[in-house]
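Colleague: quick one, fold the following:
(one chain, ligands or ions: 1)
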Amino acid sequence: MSVRLRRASLDDLDAIMAIETSVFVTDAWSREGMAHELGSPDGWYLVATPDGDDTRIVGYSGLMVLPGAPDADVQTIAVLPDARRAGLGRALMGQMIAEARRRGVREVFLEVRADNPGAQRLYESLGFEGIAVRPRYYMPDGVDAVVMRLRVPPTVTRPAGGDAPVVLPETSESEPLP
Ligand SMILES: CC(C)(COP(=O)(O)OP(=O)(O)OC[C@H]1O[C@@H](n2cnc3c(N)ncnc32)[C@H](O)[C@@H]1OP(=O)(O)O)[C@@H](O)C(=O)NCCC(=O)NCCS
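Modeller: Alright, predicted model coming up:
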């Protein structure tokens, strides 16, 4: 399946909540909470839609960055079971990190259930490392949260010929998604 990523809006709330409640069965966000995230100027949410059907959503993720803050949080990420293990989670996370970099963020944090090794592996492959455990964070299951941190690497271009590397300004990596 070929998919496209685009910025999410409040119009996507129903489709996002359908995935949220089916994927995070015991600890899904409330509709009000998700609406607040989607409407917040400090939030940056993406949805993944199959090519040719802009309204059917197969995955989403969200970042929260307070203005001028040196750190950001990946708030959530989910991909429908049928669309998993095809690189979509990695693509969504890559866009979250790229947006954090565009906003001048130095560190990105996230929390993940201790009993979710697949997601942890994805984050580790992107450079996140576990830095703390919050005991019994996920209720009602009483499952620990692993706090993970990514130190956002600067974009470095190394010219041929062994000259000194050029560090690009934060905003130059790529254009924001539509
Ligand atoms: C976690 C999640 C978003 C990953 O999405 P995805 O589209 O399947 O991820 P990708 O295909 O980009 O996977 C990239 C890599 O992450 C790792 N990974 C992802 N899911 C994994 C799993 N279930 N088991 C082991 N490794 C996994 C693998 O290294 C994978 O690379 P590979 O497929 O080449 O082996 C998806 O499984 C999901 O929605 N899960 C339920 C919700 C959830 O747990 N969200 C995270 C909350 S913190």
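
Colleague: how far away from the center of its chain is stretch 15-24?
Modeller: On the basis of CA atoms, centre = their mean, to the nearest Å, stretch 15-24 sits 16 Å off its chain's mean C-alpha point.

Colleague: with just CA atoms, put it into PDB.
Modeller: Extracted C-alpha coordinates of stretch 15-24, given in PDB (Å, rounded to 0.1, in the frame of the first residue of the first chain):
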ATOM      1  CA  ALA A  15     -11.000   8.700  12.200                       C
ATOM      2  CA  ILE A  16      -8.100   9.200  14.700                       C
ATOM      3  CA  MET A  17     -10.300   8.300  17.600                       C
ATOM      4  CA  ALA A  18     -11.500   5.100  15.800                       C
ATOM      5  CA  ILE A  19      -7.900   4.000  15.700                       C
ATOM      6  CA  GLU A  20      -7.000   5.300  19.100                       C
ATOM      7  CA  THR A  21      -9.700   3.300  20.900                       C
ATOM      8  CA  SER A  22      -9.100   0.100  18.900                       C
ATOM      9  CA  VAL A  23      -5.300   0.200  19.400                       C
ATOM     10  CA  PHE A  24      -5.000   1.600  22.900                       C
END
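
Colleague: so what touches it?
Modeller: Stretch 15-24 has contacts (CB atoms under 8 Å, 6 or more residues apart in numbering) with 8, 28-29, 31, 34, 38, 47, 55-57, 59-60, 76, 78, 80. (C-beta placed from N, C-alpha, C; glycine too.)

Colleague: and if we set it to 6 Å?
Modeller: Defining contact as CB atoms under 6 Å, 6 or more residues apart in numbering, one finds that stretch 15-24 is touched by A28, W29, R31, I57, Y60, A78.

Colleague: who in the protein is up against the ligand?
Modeller: 23, 77-79, 84-90, 112, 116, 118-119, 121-122, 125 (CB under 6 Å from any ligand atom).
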